[in-house]
Every structure is written in structure tokens, then in C-alpha cells.
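# below: sequence and its predicted model.
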Amino acid sequence: MNFPLFADLPDGDRQAIITEFVSQGGDTNNRTDLIQWIGSNKRLYANHEALYYTLGEARVTGGPPDDLAALTSEVLDEVYAFTGRFIAYPSDDAHVAHVLWIAHTWLMDVWDSTPRIAFLSTEPGSGKSRCLEVTEPLVPKAVHAFSATPAYLVRKIATDQVTVLFDEVDTIFGPKTKDNHEDVRAVLNAGHRRGAVVGRCTKGAKGQMVTEELPAYAAVALAGLGNLPDTILTRSVVIRMRRRSTSEQVEPWRERRHKAEAALIAKRLEEWSNFIRPKLTEPEMPEGIEDRNADVWEPLLAVSDQAKHGFGKEWPLTSRVSAVSLVSLGGAEAQSLGVKLLDDIRNIFNSVSVDRVPSEWMITALNQLEESPWATMKGGSLDARRLAYHLRKYDIGPKQVRFTDGSLKGYMRVDFEDAWSRYL
């Protein structure tokens, strides 16, 4: 259905809306407030159903607006205000990242890679699914992966530029479900980079097996309990959700009412993306954001850099603060077992100020660390065999080491120096 633009409505209708808005303290120069006011008062205008939609389509005619930076700030501020009404974010950094991720999905043809956004929590009821519910109407062509078969999802991504929303994603990475979700895991692992494909074998017209390569590039939002494999986490903006406290108040999400309001914002995002696409440039990374983290944040910072300095939420600066904060937090949360072991061994060496220790002494010291998992590992506490196994991947192993009371199996500090410099 095609709705008329607000500017094309009869003068009396337009004036009646503006008059009512101003009478309730509204500022006609604040487009965001006007749009949200119309959305919340939709029932007052039963004879003008189109009004709710058309305010978001009140385009600047004759080409792009004169101030694209101000437009970018307004659009991002509008998404920020809308999402904040329904989601209790763990931090403002998380809120900023979510807004920028939503905006970047409208520019998928521009990026070399797309970050996943992962809403994770240790307990149910922490707002993860709500994040996906609010995201759905704000992004282009959303597809819920949880309710789709793997074959459908792979084909859908290959034939259309969809945005994948995957709730309860933790259920596909367990050992019991491994064989049932191979195609989906392949998409999640490979589809972050433009040009990525998923290889499959299918039956040809004559029944013979033929190979095909299907495009896998797509924006993906994930929600789940616990953690995800490193191959996913290191390509994701990770939001650690938590249960809402009694002091954190949000509006209940009502899809029938709020989805229509979000559609208006999505329309504005789409129009903004067409204006801003040729203006995007490679952003300057803040200190500490490099390698894979830079790949994750590049599209989000590129979007924020198009906003106006000193305007609204000051997106160019705020986005970089969020990047540094979330990367630092994510690194601490996602530390692998091997890196944790390296860190603990370094602390042990530093505490005793020696250049060598016997294997048995090292094992005892590790098992006595109350905040580390070594004494309570599945299958029993850390022993010489398991210690050697975990260190082998870093080219470190026990050797015969001379001590004052003889030669024993042990570890030399110098053997750890290279691994410490690379991973800690």
C-alpha cells in the first residue's frame, strides 16, 4: 500500500496534527519527538492511518539533504531512543554498539566483512531474545534462523540479502547436536566476509552428485546462553546481558503496536543509507583496536564517523569509547583455557622469582589457585600429562632440568617468554 507523504496531506490535517503536538509541549523542530509522538498517539487519528507511516517518509526533495552529518546523527539518535525504550542494556557502550550494528546492516554491499553481534548471558531471562525482537523490524529482510531449516537458511542467504537473527544459538554447538547443524555452523563461521561461500554436494539432473558453492555473506545477530566458539566470538561484538534489576524500567514490547513504529524508523534508515553510501570512508581505529577486532569494528566506526561532531550523542567519539570498552571486556570473558594457563604460570614464576621449577611443584601451585579451574577440571585435577597436553600447542614442554638437589622434570621460564609475548 502506498501512503501519501506528510507534505501532501490536506493543510487542515497537517495543521491539526502540529497544533495538537505543540499543545502537549512538543517542539516542531525536533523530528524524532514528532515521529514518536504520532506513533504513541496513533489511535487519535483513526481516519488518517497513513499519518503514522508518512512522517518518516517526509523526504528532502530534490536530492540528499544539505547536512548529511546532521541527518546521520538524527537517525542514529532515533534508533538509540527507540531501542532504549525496550532493552535494559548492561552498559551504554553496549547500547551504542547495537545501534551502530543495526545501521550497518543497511550498507552490506559496502563492507569487506560484517561483524556478528552476540547477546549472551549466563542465565535465562536476561533480555537476549528481546534484543532480537526489537532488532527484527529495524533491519532489512530479517530471517529467524531458529525456526528455519538449515537448507532453507543457506538457500535464503544465497538468493537474498537477508539479516539472520539466531536465538538460542548455544543449542547448535553442543556435541549432541553437532551433526544436525553443520550447514548453519558453516554459515556462521564463514559468512562474515564478503565473497564467502558454503560448499555443498547435491544431486544433479541425472542423479549424479555435483558440487555447488552458495554465497554465505550475511549480517547475523545471535542470542544464547553461556559462551560461543572462539571462531564466532572473535568475529562478534559481544554484549553480556544480565537480568534487569528492579531499578531498571523498560517498556513492554508489544509487536503489533511497536513493530509498526519501528517500520517507520527502518524506512528512514533505508533512505539515509542511500544518501550516505558514497560518503563512507575507512575509519581511524582507536588505540588497542587492531587485527580481528579492527575487522569487527571497522563498519560500525565508519557509520559513526558520518555523524556530526558536537551534535546529539557525539557518535564519532562515543563509538570509539564503546569499541575500546567492549573489546577489553570481551577479551577478558573470552580468554581460552590455554591462555588462562599461560597467564597463571607467568604469575607463579613472578611470585617466586626463579628461572625454573619442577613439574610437580608447578602442578601443585596451579591446583591451589582458587579462582582458576585447574583443581576442578572435568576428569580430575590438573596432572603432569594434562599440563603437558595444554602447553604443547604453544611449543612448550617439560624437560630434564638441573636443580641443586639433582635433575628433575621441570619447566624453564625462558621457554614461556615467546608465548607470553604473543598471547598475554
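Looks like it came in fine.

# in the protein, where's the longest helix?
Longest helix in the chain, counting residues (DSSP state H): helix 255-276.

# from the chain's centroid, how far away is whichever helix or strand comes after it?
Heading C-terminal from helix 255-276, the first helix or strand you meet, by DSSP states H and E, is helix 291-304. Chain-centre distance of helix 291-304: 11 Å, with Cα atoms, centre = their mean, to the nearest Å.

# let's see helix 291-304 as PDB, backbone CA atoms only.
Extracted C-alpha coordinates of helix 291-304, given in PDB (Å, rounded to 0.1, in the frame of the first residue of the first chain):
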ATOM      1  CA  ASP A 291      43.800  -7.200  13.800                       C
ATOM      2  CA  ARG A 292      40.500  -9.100  14.100                       C
ATOM      3  CA  ASN A 293      39.000  -6.600  16.500                       C
ATOM      4  CA  ALA A 294      39.600  -3.900  13.800                       C
ATOM      5  CA  ASP A 295      37.800  -6.000  11.300                       C
ATOM      6  CA  VAL A 296      34.800  -6.300  13.700                       C
ATOM      7  CA  TRP A 297      34.600  -2.600  14.400                       C
ATOM      8  CA  GLU A 298      35.500  -1.000  11.100                       C
ATOM      9  CA  PRO A 299      31.900  -0.900   9.700                       C
ATOM     10  CA  LEU A 300      30.500   0.400  12.900                       C
ATOM     11  CA  LEU A 301      33.100   3.200  13.200                       C
ATOM     12  CA  ALA A 302      32.700   4.000   9.600                       C
ATOM     13  CA  VAL A 303      29.000   4.600  10.200                       C
ATOM     14  CA  SER A 304      29.600   6.700  13.300                       C
END
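
# give me the mean pLDDT for that helix.
Helix 291-304 shows a mean pLDDT of 94.

# count of residues packed around Y423?
Around Y423 sit 13 other residues, with neighbours defined as other Cβ atoms under 10 Å. C-beta: built from backbone N, CA, C; applies to glycine.

# quick one: it and G338, what's the gap?
8 Å (Cβ to Cβ, to the nearest Å).

# any residues in contact with both of those two?
Y394 (Cβ atoms under 8 Å, 6 or more residues apart in numbering).

# average pLDDT across stretch 25-42?
According to the model, stretch 25-42 has a mean pLDDT of 61.

# err, stretch 74-89, not the other one
94.

# list the buried ones in it?
Residues of stretch 74-89 classed as buried by neighbour count (16 or more other Cβ atoms under 10 Å): 74-84, 86-89.

# ok, now stretch 21-28?
F21.

# tell me how far that stretch lies from the chain's centre.
Using Cα atoms, centre = their mean, the offset of stretch 21-28 from its chain centre is 37 Å.

# now do stretch 93-106
On Cα atoms, centre = their mean, the centre of stretch 93-106 falls 8 Å from that of its chain.

# pLDDT below threshold where in the chain?
Residue ranges of the chain with pLDDT under 70: 1-15, 17, 28-66, 147-148, 174-183, 310-311, 330-335.

# domains of it?
Domain ranges of the chain: 6-57, 68-333, 337-423, per automatic domain parsing.

# I'd assumed F119 was in a strand, is it?
Yes - per DSSP: H, G, I helix; E, B strand; the rest coil, F119 lies within a strand segment.

# in the chain, which spans are strands?
116-121, 142-144, 163-166, 197-203, 209-215, 219-225, 236-240, 356-358, 399-403, 406-412 (DSSP state E).

# and the angle for the last one with strand 399-403?
With axes from the mean of the first three to the mean of the last three Cα atoms, to 10 degrees as the basis, strand 406-412 and strand 399-403 are set at 120 degrees to each other.

# now swap in the fifth one and tell me
Angle of strand 209-215 versus strand 399-403, following the same axes, to 10 degrees, is 50 degrees.

# where exactly do the helices run in the stretch 101-250 of the chain?
Using DSSP state H, counting those that start in this stretch, the helices assigned to the stretch 101-250 of the chain run over residues 128-135, 150-159, 182-190, 230-233.

# the shortest one: which residues count as buried?
By neighbour count with 16+ other Cβ under 10 Å, helix 230-233 contains the buried residues 232-233.

# just list what it packs against, helices and strands only.
strand 116-121, helix 182-190 (3 or more Cβ pairs under 8 Å, 6 or more residues apart in numbering; DSSP states H and E).

# what's the offset of it from the middle of its chain?
Centroid displacement of helix 230-233 relative to its chain, using Cα atoms, centre = their mean, is 12 Å.

# tell me the centre residue of this protein?
The centroid of the chain falls nearest to I117 when counting by Cα atoms, centre = their mean (1.5 Å).

# hang on, the earlier thing: switch the helices and strands packed on helix 230-233 over to CSV; also include distance to M377.
Output for the helices and strands packed on helix 230-233, formatted as CSV (distance: least, Cβ to Cβ, whole Å):
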stretch, distance to M377
strand 116-121, 23
helix 182-190, 26
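
# of these, which is nearest W374?
With respect to W374, and counting by Cβ to Cβ, the nearest of the helices and strands packed on helix 230-233 is strand 116-121 at 24.6 Å.

# strand partners (parallel or antiparallel) of the closest one?
The strands beside strand 116-121 in its sheet (DSSP bridges) come out as strand 219-225 (parallel), strand 236-240 (parallel).

# A262 is nearest to which of the ones you listed?
Nearest to A262, of all these, is strand 219-225, at 14.7 Å by Cβ to Cβ.

# mind listing what's buried along that closest one?
Across strand 219-225, burial judged by 16+ other Cβ under 10 Å covers 219-224.

# cool, stretch 193-202 as well?
Neighbour-count burial for stretch 193-202 flags 196, 198, 200 (criterion: 16+ other Cβ under 10 Å).

# now swap in stretch 151-160 and tell me
Buried residues in stretch 151-160 (16+ other Cβ under 10 Å): 153-154, 156-158.

# kindly report the same for stretch 342-361.
Neighbour counts over stretch 342-361 (16+ other Cβ under 10 Å) mark 342, 344-346, 348-349, 356-359 as buried.
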